[in-house]
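> I would like the atomic coordinates for the input below:
(4 chains)
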There are 2 protein chains.
Amino acid sequence: MFSTKLSVSIHILSVIACMEGKSLTSEFIAGSIGTNPVLVRRLMGRLKKADLLVTKTKVGVIGIGRDLDKITLLDIFLAVEDDCEVFGIHTSANPACPIGAEIETVLTYFYQDLEASFYKKLSETTLSDITNRLYKPSFKTGEFPVQTIGKEII
Amino acid sequence: MFSTKLSVSIHILSVIACMEGKSLTSEFIAGSIGTNPVLVRRLMGRLKKADLLVTKTKVGVIGIGRDLDKITLLDIFLAVEDDCEVFGIHTSANPACPIGAEIETVLTYFYQDLEASFYKKLSETTLSDITNRLYKPSFKTGEFPVQTIGKEII
DNA sequence: CAAATTGTAACTATTATGGTTACAAAAGGA
DNA sequence: TCCTTTTGTAACCATAATAGTTACAATTTG
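Modelled structure (predicted):
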C-alpha cells in the first residue's frame, strides 16, 4: 500500500485549516498527529513547494494556500509521495521470450488507464470535504485543551 | 506504490496461458521473467490457493484455473498482495485533539470509496485482455527459441 | 529405482518509512 | 540589540517489506 504520508498531510492541513489563529508550531501539529515535529516540517516543506501552504515569512507560520475546496487529495498525494505510480513493473523480463518482450508495454497500457481512473477519483475529494466532516464550532472558541496537545502529552 | 507482485503474477499466468503444452517448470517461467524459480513458486502457491491455477498432481504442472476472461486483475491482486488497502492511516493520532479524535474515521470514510472505485477498475480488466495483446500464433508453433529462455540465458 | 521438480524454510541484501538528534539561520519579542 | 523560539535540513537509526538465494525433504514420472 501507499504510505501514511497522504493521511498525515491531510491531518496537517486540517489542523491548520480548522485552527487558524492559534499558535501552529510544528510541535503543536505533531502533538495532534502523535508524531515527531521533524516529520511535520518535512511534509510541510513539500506542501509549501506545491503551494498548498503559504508562509507569511521565510521561516514561519502559515495559512492554507488556496480555498479548501480547491485543494484535492490528488494535489496532496502528488505533493508528498515520491513515487506516485500505482503498480511496479519488473524490468527484468527476458526479451528473448515473446511474452517477456511484450509484457512491459502491455502492462503499462493497462496500468495507465487504471492510474488515470485512480487519480480522477482522488481529485474528486477536496480538503473542504474532509474538514466539513471534522469541523466542530468548539475548534475556534477554544473549548478543547490545546495545551495538552503539544508538549505535555508527548 | 504497490510491489511488482501483480505484474510478475500476470506474467506467470500469461506464460502458462499462452504456452500450455510446453514444459512449464518454475525454472522455465522464471527464465521468461528474469527472476528466480523460487519467487515463481512462491507466487504460484498463492495463485493456486486462490484457484487461479490448478495442479494436475499434488506437486506438479499446471493449467489456468478458469477461462481467461473470468480471471480479473483484481482476483490476481487480492491473491498475491498481503496488504490490499490503498493508503495507510497513522494510528498515533491524539484523541485529546478534536481533529486527532476524528481523523481516522473521516479518512477511512473517503478511502473506502476510493478503494471501491480502484477495485472496480481492477476487476474490469481480465487475463484475456492481457493475453490478447500478447499472443502471437508463433507461441504454440514453437517458432521462438524456448530453450534460450530457461537455463541457458540465465 | 533415479532424475527432475515442487513446496517450503531460512537466510541475505536493498530499500522505504518513520523516528530521532543536532544545529545553523531566521524571526520576533523584551 | 540581545535572547528565545522556531524553522529547515542534514545525518543517522530501527523496522518492515521486497526481492533474491541456498538448501532440502517430499513427490512425481520416466
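
> what sits against the residue lying closest to A:His90 once chain neighbours are set aside?
Distance criterion Cβ to Cβ, 6 or more residues apart in numbering or on different chains; nearest residue to A:His90, sequence neighbours excluded, is B:Thr4 at 4.6 Å. From N, CA and C alone the C-beta is placed, and that goes for glycine too. Contacts for B:Thr4 (Cβ atoms under 8 Å, 6 or more residues apart in numbering or on different chains) come out as A:Phe87, A:Gly88, A:Ile89, A:His90.

> out of the residues you listed, which touch DNA strand D?
Residues of those in contact with DNA strand D (Cβ under 7 Å from any atom of the strand): A:Gly88, A:His90.

> for the contacts of B:Thr4, which two are the farthest from each other?
Of all pairs drawn from those, the widest gap by Cβ to Cβ lies between A:Phe87 and A:His90 and measures 10.5 Å.

> for those two, list the residues in contact with both.
Joint contacts of A:Phe87 and A:His90 (Cβ under 8 Å, 6+ apart) are B:Thr4, B:Ser7.

> how about the residues of chain A that lie near DNA strand D?
Looking at DNA strand D, the residues of chain A close enough under Cβ under 7 Å from any atom of the strand are A:23-27, A:37-38, A:41-42, A:44-45, A:48, A:55, A:59-61, A:88, A:90, A:92.

> contacts for the lengthiest helix in chain A, please.
For chain A, the longest helix by residue count, based on DSSP state H, is helix A:98-122. Contacting residues not belonging to helix A:98-122 are listed as A:72-74, A:77, A:85-87, A:89, A:91, A:93-95, B:7, B:10-11, B:14-15, B:18, B:32-34, B:73, B:113-114, B:117-118, B:121-122, B:125, B:129-130, B:133-134, B:136, B:138-139, B:144, B:149 [Cβ under 8 Å, 6+ apart].

> from B:Val40, how far off is A:His90?
12 Å (Cβ to Cβ, to the nearest Å).

> returning to what we had before: among the contacts of helix A:98-122, which lie within helices?
Per DSSP H, the contacts of helix A:98-122 map to helices at A:73-74, A:77, B:7, B:10-11, B:14-15, B:18, B:32-33, B:73, B:113-114, B:117-118, B:121-122, B:129-130, B:133-134, B:138-139.

> from the residues you listed, list the buried ones, please.
A:73-74, A:77, B:7, B:10-11, B:14-15, B:18, B:32-33, B:73, B:114, B:117-118, B:121-122, B:129-130, B:134, B:139 (16 or more other Cβ atoms under 10 Å in any protein chain shown).

> closest residue of chain A to DNA strand D?
Proximity of chain A to DNA strand D (Cβ to the nearest atom of the strand) peaks at A:Ser26, 3.6 Å away.

> ok, back up a step: joint contacts of A:His90 and B:Val40?
Taking Cβ under 8 Å, 6+ apart as the criterion, A:His90 and B:Val40 both touch B:Val8, B:Ile33.

> more neighbours, the two?
B:Val40 (24 against 19; other Cβ atoms under 10 Å in any protein chain shown).

> can you name every helix or strand that the helix or strand harbouring that one contacts?
According to DSSP states H and E, B:Val40 maps onto helix B:37-49. Judged by 3 or more Cβ pairs under 8 Å, 6 or more residues apart in numbering or on different chains; DSSP states H and E, helix B:37-49 is in contact with helix B:5-18, helix B:26-33, strand B:53-55, helix B:73-80.

> any idea of the angle it forms with helix B:26-33?
For helix B:37-49 against helix B:26-33, the angle by axes from the mean of the first three to the mean of the last three Cα atoms, to 10 degrees is 100 degrees.

> how far is helix B:37-49 from where the chain is centred?
10 Å (Cα atoms, centre = their mean, to the nearest Å).

> with stretch A:123-137 instead?
Distance of stretch A:123-137 from its chain centroid, counting by Cα atoms, centre = their mean, is 14 Å.
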